[in-house]
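**Q** with the input below, show me the fold.
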Amino acid sequence: MVVSKTATIQSINPANREVIGEVPIMAAAEVKEAVDKAWKTFETWQLVPYHKRIKKIIELRRLIEAGADEIAQLVSTEVGKPIVESYLAELTGPLDSCVWLAENSETLLKDQVIQMTNPLLATKQSVVTFEPLGVIGVIAPWNYPFAIPVMTILMAVICGNTVVLKPSEKSSLVGIKIGELFEKAGFPKGVVQVITGDRSTGEQLTKCDLSRIIFTGSVEAGSQIMSQAAPNLIPLSLELGGKDAAIVLPDAPVDWTARGLVWGAFTNAGQACASIERVYIVKGKNTQKLIDKIVQYTTALKLGSPTDQTTDVGPVIDEFQLSKVEAHVNQARENGAQILVGGKRHDDLGGFYYEPTVLTDVNHSMDIMTKETFGPVMPIMVVDSEDEAVLKANDCDYGLCASVWAGGLSRAEAVARDLQVGTVLINDCLVSHAMPQVPWGGLKKSGFGRSHSQFGLMDLVNIKHISIDSSGGNHRLWWYPYGPSRVKTARGGLKFLHGTFPLGKIKGMFIFVFNLFRKAK
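**A** Alright, predicted model coming up:
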């Protein structure tokens with residue numbers, strides 16, 4: 001990491017508001033130095049064979065597993081994630097990504113030979129290659145400070161790119177740890193660099209000579225990054241959050257659904273872009289029973305220190321986020337919403353704590369149903385039909401994820417296909433981000449571009465077509481000079497290749513062959 005002698009920023013433990021570390025706010029010159037070094041390293045890293053890159057990824061996997069306790073403890077301390085979630089939500093995805101990339105990346109990124117169907121092109125061989133782009137700028141969030149950047153970096157470096165990572169100022173220590181792990185795994189210095197700082201540091205990065213920017217964060221910040229990258233036409237992948245809806249069909253199993261919804265709404269204190277932030281229950285005989293079960297399981301959750309192994313829900317990240325959650329709940333309550341459980345902050349615990357909260361009698365005039373809350377809140381709306389549930393779910397500026405809960409899976413899949421999102425999970429939620437084999441990304445204000453999977457790899461390479469002609473110098477039909485015989489040849493060829501009727505195709509073939517060898521003029 002480049003060392004700065006300028007201003008610093010403090011890392012705060014959200015569970016007790018104590019300072020746990022201090023890192024430099026890197027200025028423009030230091031950011032440029034890191035990017036320049038990344039370009040210099042790219043010159044040699046892109047030439048490293050896949051099997052050698054894979055070897056380093058396997059070593060990184062070993063280091064992550066061996067250091068799991070230290071990493072999980074750091075994540076829980078810096079961002080307030082319950083320790084169980086620091087193991088499962090932060091480490092599983094990166095470890096699985098190492099395995100998947102080691103087993104599949106070389107095959108997915110190898111050259112492809114494309115066959116031409118037009119006989120006029122029979123002498124051509126087309127090869128599609130997948131070449132690294134160069135230097136990738138990754139601006140990562142604090143809510144999954146290890147999993148999101150590590151999975152992104154792994155995808156980038158296996159393609160032959162180098163990376164400059166700017167972690168959130170709220171999770172700088174985790175970001176530094178990521179850089180140390182890649183270096184210990186044997187990646188050459190300059191392949192993965194970490195720059196620390198606040199938004200000004202991120203802005204300096206977006207103005208550098210980058211091949212792509214990958215950003216995860218708020219819509220407002222994403223819009224700013226787009227404008228900063230625009231003068232240099234730097235392509236972007238943006239994942240900008242969500243207001244994910246859960247649709248519960250009348251035949252959904254009550255206990256399973258209640259447990260899933262409670263976890264989906266309150267894991268990581270609701271601070272996931274794929275958190276369940278809206279629930280639409282299609283009215284049925286089990287509606288009240290389901291709501292009662294949700295309240296029962298929510299009431300049983302333990303709010304407390306994230307490093308306590310019995311804690312279910314930890315703090316939100318800071319006072320700003322706590323105030324936002326509080327404002328959304330208070331506005332809903334003032335406009336007629338009923339709070340079934342929770343509904344208040346807990347300053348007595350010493351950190352930024354808010355009770356897991358369930359509300360009913362909500363509607364789309366309330367911020368809690370239309371704006372991203374990013375906190376431990378579950379608003380429930382009972383609707384009369386599947387169609388109404390789908391309309392309400394799609395009535396949203398975001399389009400990241402959704403979930404459908406049902407007994408009949410074919411009916412659930414039909415509903416899933418009507419939802420305007422990037423991912424739909426049936427009878428589960430959130431988990432797909434940890435699956436490296438499947439694409440991740442959204443629609444609308446949830447951003448654009450895809451990460452993970454073969455589709456994510458394609459965002460990190462230049463897809464180059466190389467066409468090789470082996471005709472040995474023979475004249476090409478479409479070259480100059482033009483003339484009447486060229487027109488007849490072209491028209492006959494079109495009829496021969498694409499005509500509808502057999503006799504017409506035969507006639508076209510004779511016209512084509514007869515004129516093919518005639519002089520153009």
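**Q** now the strands: where do they sit in the stretch 351-500 of the chain?
**A** Along the stretch 351-500 of the chain, the stretches classed as strands by DSSP state E, counting those that start in this stretch are 357-360, 377-383, 398-399, 401-405, 423-426, 443-444, 447-448, 461-469.
**Q** format the ones you listed as a markdown table; extra columns: mean neighbour count and mean pLDDT.
**A** Backbone N, C-alpha and C define where each C-beta goes, glycine included. Compiled in a markdown table, the strands of the stretch 351-500 of the chain are given as follows (neighbours: other CB atoms under 10 Å; pLDDT from 0 to 100):
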| stretch | mean neighbour count | mean pLDDT |
| --- | --- | --- |
| strand 357-360 | 24 | 98 |
| strand 377-383 | 23 | 98 |
| strand 398-399 | 24 | 98 |
| strand 401-405 | 30 | 98 |
| strand 423-426 | 20 | 98 |
| strand 443-444 | 16 | 96 |
| strand 447-448 | 20 | 96 |
| strand 461-469 | 11 | 96 |
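**Q** Glu30: what secondary structure?
**A** With DSSP: H, G, I helix; E, B strand; the rest coil as the basis, Glu30 sits in helix.
**Q** was I right about it contacting Ile195?
**A** Yes: at 7.0 Å, Glu30 and Ile195 qualify as touching, with contact defined as CB atoms under 8 Å.
**Q** list phi and psi for the spatially closest residue to Lys464 that is not a sequence neighbour.
**A** The shortest distance from Lys464 to any residue that is not its chain neighbour, by CB to CB, 6 or more residues apart in numbering, is 4.8 Å, and that residue is Thr129. Backbone torsions for Thr129, taken as degrees, to the nearest 10, come to phi -110, psi 160.
**Q** for Gln112, same thing?
**A** When read as degrees, to the nearest 10, the backbone of Gln112 gives phi -120, psi 130.
**Q** go ahead and confirm it touches Gln125.
**A** No: at 11.6 Å, Gln112 does not count as touching Gln125 under the criterion of CB under 8 Å.
**Q** list the buried ones in stretch 31-43?
**A** Along stretch 31-43, the positions that meet the burial threshold by neighbour count (16 or more other CB atoms under 10 Å) are 31-32, 34-35, 37-39, 41-42.
**Q** how far away is Gly492 from Gly441?
**A** Here the distance between Gly492 and Gly441 works out to 47 Å (CB to CB, to the nearest Å).
**Q** just want the angle from the strand or helix carrying Trp256 to strand 401-405.
**A** Counting by DSSP states H and E, the element that carries Trp256 is helix 254-266. With axes from the mean of the first three to the mean of the last three CA atoms, to 10 degrees applied, the angle from helix 254-266 to strand 401-405 works out at 160 degrees.
**Q** got the angle for helix 254-266 vs strand 377-383?
**A** Between helix 254-266 and strand 377-383, the angle formed by their directions is 130 degrees, by the same axes, to 10 degrees.
**Q** helix 254-266: which residues count as buried?
**A** In helix 254-266, counting by 16+ other CB under 10 Å, buried: 254, 257-258, 260-266.
**Q** could you do stretch 281-289 as well?
**A** Using 16+ other CB under 10 Å, the residues of stretch 281-289 that count as buried are 281-282, 286-287.
**Q** mean confidence for that stretch?
**A** Taken as a whole, stretch 281-289 has a mean pLDDT of 98.
**Q** what do you get for stretch 117-131?
**A** For stretch 117-131, mean pLDDT rounds to 92.
**Q** ok, residues contacting it?
**A** 46, 109-116, 159-160, 457-458, 461-471, 474, 477, 493, 497 (CB atoms under 8 Å, 6 or more residues apart in numbering).
**Q** check stretch 327-335 too.
**A** For stretch 327-335, contacts defined as CB under 8 Å, 6+ apart pick out 339, 343, 357, 359, 362, 365-368, 371, 373, 375, 377, 379.
**Q** run the last query once more with 6 Å
**A** The set of residues external to stretch 327-335 that reach it, using CB atoms under 6 Å, 6 or more residues apart in numbering, is 343, 359, 362, 366-368, 373.
**Q** going by distance to Pro24, which of those residues wins?
**A** Distance from Pro24 was checked for each of these by CB to CB. The minimum falls on Thr373, at 32.9 Å.
**Q** what about the nearest residue to that closest one once chain neighbours are set aside, which SS state?
**A** What sits nearest to Thr373 in space, not counting adjacent residues and going by CB to CB, 6+ apart, is His328, at 4.9 Å. When states are read from three-state DSSP, the local structure at His328 comes out as helix.
**Q** ok, Gly375 - contacts?
**A** With contacts defined as CB under 6 Å, 6+ apart, the neighbours of Gly375 are 270, 316, 325, 354.
**Q** return a ChimeraX selection command for the buried portion of those.
**A** If you want just the buried ones from those in ChimeraX, going by 16+ other CB under 10 Å, the selection is:
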select :270,316,325,354
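**Q** Serialize the contacts of Gly375 to TSV and add fields for pLDDT.
**A** What follows is the contacts of Gly375, written out as TSV (pLDDT from 0 to 100):
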residue	pLDDT
Gly270	98
Val316	98
Val325	98
Tyr354	98
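**Q** dump the contacts of Gly375 into CSV; add secondary structure and distance to Asp96 as well.
**A** Formatted as CSV, the contacts of Gly375 follow (DSSP: H, G, I helix; E, B strand; the rest coil; distance: CB to CB, whole Å):
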residue, secondary structure, distance to Asp96
Gly270, helix, 24
Val316, coil, 28
Val325, helix, 31
Tyr354, strand, 32
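**Q** of the contacts of Gly375, closest to Gly242?
**A** Sorting the contacts of Gly375 by distance to Gly242 puts Gly270 at the head of the list, at 11.8 Å, by CB to CB.
**Q** ok, the closest one touching Pro376?
**A** Yes: under the criterion of CB atoms under 6 Å, Gly270 makes contact with Pro376 at 4.3 Å.
**Q** burial count for the residue nearest to Thr311 when sequence neighbours are not counted?
**A** Excluding the flanking residues, the one nearest Thr311 by CB to CB, 6+ apart is Gly304, at 4.3 Å. Other residues within reach of Gly304, judged by other CB atoms under 10 Å, total 19.
**Q** isn't Gly304 up against Thr310?
**A** No: the pair Gly304 and Thr310 fails to qualify as a contact (CB under 6 Å) at a distance of 7.7 Å.
**Q** quick one: mean pLDDT for stretch 78-96?
**A** Mean pLDDT, stretch 78-96: 98.
**Q** equivalent analysis for stretch 198-210, please.
**A** Stretch 198-210 carries an average pLDDT of 97.
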